[in-house]
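*Asks:* starting from these lines, generate the structure:
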Amino acid sequence: GLLINILSNAAIVGMMFMATQHLQVVSGIAPTLAGLALLPGTIMAIVSSLSVPVIADRIGPRRAEIVAFAVATAGFAVVAVWGASTAAWPFIVGLAVLGAGLGIAWTVSTDLVISSAPVAKAGAASAASETGFEIGVVFGTAAIGGLTTALYQAFFAVPAGVPAADADAARETIGAAAAI
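*Replies:* Okay, here's the model as predicted:
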């Protein structure tokens, strides 16, 4: 359960980091609208988490986790297949599907962590579960952000004729390149 919390939060935070960059720089959406475009994913996470009692009762918590990650993987696939376009919809749809899967995963994994502890240790188990979420946020930001930056800087080609100072700035960040 704890590992699921870490990995699922790393996935969603990394995806949201990439989505906001793409929506603003590639799709040309204003920062506030890019933030609002992330709302469907949040809403789907909330809605899907409310379905967990029904799902877990029917198929069990372990299978519910498998279903949750299958749905989340489908969300990643939407972004992977259609995300290279300048359209915003692949990220919005992909994050909504990802949110639906992770809403289930978070709810089931938290229940598994807390219910596996003796009643007297339920508070400590809850704290451990929450710590897993926070570690996932940090890991997702660092890993996905760092990997993205490294890949960008390794593969970005400055067009011929760009002044050296602008080329150096463009190699640093996607935002700087878009501003030039």
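
*Asks:* the least confident helix or strand in the chain by mean pLDDT: how far from the chain's middle?
*Replies:* Within the chain, confidence by mean pLDDT, DSSP states H and E is lowest for helix 174-179 among all helices and strands, at a mean of 80. Distance of helix 174-179 from its chain centroid, counting by Cα atoms, centre = their mean, to the nearest Å, is 23 Å.

*Asks:* what helices and strands are in contact with the helix or strand containing residue 32?
*Replies:* Secondary structure here is read from DSSP states H and E; on that basis residue 32 sits in helix 31-36. On a contact count with 3 or more Cβ pairs under 8 Å, 6 or more residues apart in numbering; DSSP states H and E, helix 31-36 meets helix 2-21. For every residue, glycine as well, the C-beta is placed using N, CA and C.

*Asks:* which residues does the helix it packs on contact?
*Replies:* With Cβ atoms under 8 Å, 6 or more residues apart in numbering as the test, helix 2-21 has contacts from 31, 34-35, 37-38, 41, 65, 72, 75-76, 79, 91, 94-95, 98-99, 102, 105-106, 108-110, 113, 128-129, 132-137, 139-141, 143-145, 148, 174-175.

*Asks:* and the buried ones among these, selectable in PyMOL?
*Replies:* The following PyMOL command selects only the buried members of the contacts of helix 2-21, with burial defined by 16 or more other Cβ atoms under 10 Å:
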select buried, resi 34+37+38+41+65+72+75+76+79+91+94+95+98+99+102+105+106+108+109+110+113+128+129+132+133+135+136+137+139+140+141+144+174
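
*Asks:* which helix or which strand is home to residue 106?
*Replies:* The secondary structure element spanning residue 106 is helix 89-115 (assigned by DSSP H and E).

*Asks:* and that helix, what other elements does it pack with?
*Replies:* Checked by 3+ Cβ pairs under 8 Å, 6+ apart, helix 89-115 has helix 2-21, helix 39-50, helix 52-59, helix 61-82, helix 122-155 packed alongside it.

*Asks:* from the chain's centre, how far out does the last one sit?
*Replies:* In other words, helix 122-155. On the basis of Cα atoms, centre = their mean, helix 122-155 sits 10 Å off its chain's mean C-alpha point.

*Asks:* kindly report the same for the second one.
*Replies:* From the chain centre to the centre of helix 39-50 is a distance of 13 Å (Cα atoms, centre = their mean).

*Asks:* and that helix, which residues are buried?
*Replies:* Neighbour-count burial for helix 39-50, counted by 16+ other Cβ under 10 Å, picks out 40, 41, 44, 45, 48, 49.

*Asks:* swap in the third one?
*Replies:* With burial defined by 16+ other Cβ under 10 Å, the residues of helix 52-59 counted as buried are 52, 55, 56.

*Asks:* all set now, cheers.
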